[in-house]
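K.L.:
Provided below are the primary sequence and the corresponding predicted coordinates.
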Amino acid sequence: MTTNIDLSDQIENIKNKLDSVGYDLPTSVEECKKAQRQATKDFTTAMKEELKNKPLRKAHLKQLIKDAREKGDKKLVKALKHIQRAEDSNTIFDKLRIIRNKIPSGGLKHLLVPENPNENPKECQHWRQVDVQKKLRHFYKSATDNTLDNQKIESDESSN
């Protein structure tokens, strides 16, 4: 549907603004569609990466903590560190939830592993049972302790 409205002045203003950024406007409909597909692809990739590892969120929190330290606002630093730890814990629980939901019986209770760790599992005759729930609790505890240790190291380094 065409409206026969002349938008050349608006297009010229946009071109002038984008020239200062260094972006060339597409000159044809095909170029526009190609640029849109590429922008959508780039956006989807960036969103998947952010949802997966949250690098921008982590960097933003670190910057907020750094700024709060520089201002000397200890309450804000403590609150931001609390948020950081909560998000780290949530990430770990999400990973554990994904692992549990992949098993239709509601989760693993135990695993059978070779008694001799150096033995080839395909040829092994003697197995021992490992309690997976205890290992997962140990994994969670060590992961959260490690996160807390890393935050302590970062706070010690920034105070120097």
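P.N.:
Yep, it's here.
K.L.:
For the closest residue to residue 55 other than its chain neighbours, I want the exact helix or strand it lies within.
P.N.:
Setting aside the residues directly before and after it, residue 55 is nearest to residue 49 in space (Cβ to Cβ, 6 or more residues apart in numbering), at 7.1 Å. C-beta coordinates here come from the backbone N, C-alpha and C atoms, glycine included. Here residue 49 sits within helix 29-53, counting by DSSP states H and E.
K.L.:
Tell me the spacing between the residue nearest to residue 55 and residue 87.
P.N.:
17 Å (Cβ to Cβ, to the nearest Å).
K.L.:
Pick out whichever of those two has more residues nearby.
P.N.:
Neighbours per residue (other Cβ atoms under 10 Å) separate residue 49 from residue 87, with residue 87 holding more: 15 against 12.
K.L.:
Just the C-alphas of stretch 61-80, formatted as PDB.
P.N.:
Extracted in PDB, the C-alpha atoms of stretch 61-80 (Å, rounded to 0.1, in the frame of the first residue of the first chain):
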ATOM      1  CA  LEU A  61      27.200  -5.700  38.600                       C
ATOM      2  CA  LYS A  62      31.000  -5.500  39.000                       C
ATOM      3  CA  GLN A  63      31.000  -1.900  37.700                       C
ATOM      4  CA  LEU A  64      28.200  -1.000  40.200                       C
ATOM      5  CA  ILE A  65      30.200  -2.600  43.000                       C
ATOM      6  CA  LYS A  66      33.300  -0.700  42.000                       C
ATOM      7  CA  ASP A  67      31.500   2.600  41.800                       C
ATOM      8  CA  ALA A  68      29.800   2.000  45.200                       C
ATOM      9  CA  ARG A  69      33.300   1.300  46.700                       C
ATOM     10  CA  GLU A  70      34.700   4.500  45.200                       C
ATOM     11  CA  LYS A  71      31.800   6.400  46.800                       C
ATOM     12  CA  GLY A  72      32.400   4.600  50.100                       C
ATOM     13  CA  ASP A  73      28.800   3.300  50.300                       C
ATOM     14  CA  LYS A  74      29.300   0.100  52.200                       C
ATOM     15  CA  LYS A  75      25.600  -0.700  52.400                       C
ATOM     16  CA  LEU A  76      25.200  -0.500  48.700                       C
ATOM     17  CA  VAL A  77      28.400  -2.700  48.200                       C
ATOM     18  CA  LYS A  78      27.000  -5.300  50.600                       C
ATOM     19  CA  ALA A  79      23.600  -5.300  48.800                       C
ATOM     20  CA  LEU A  80      25.100  -5.600  45.400                       C
END
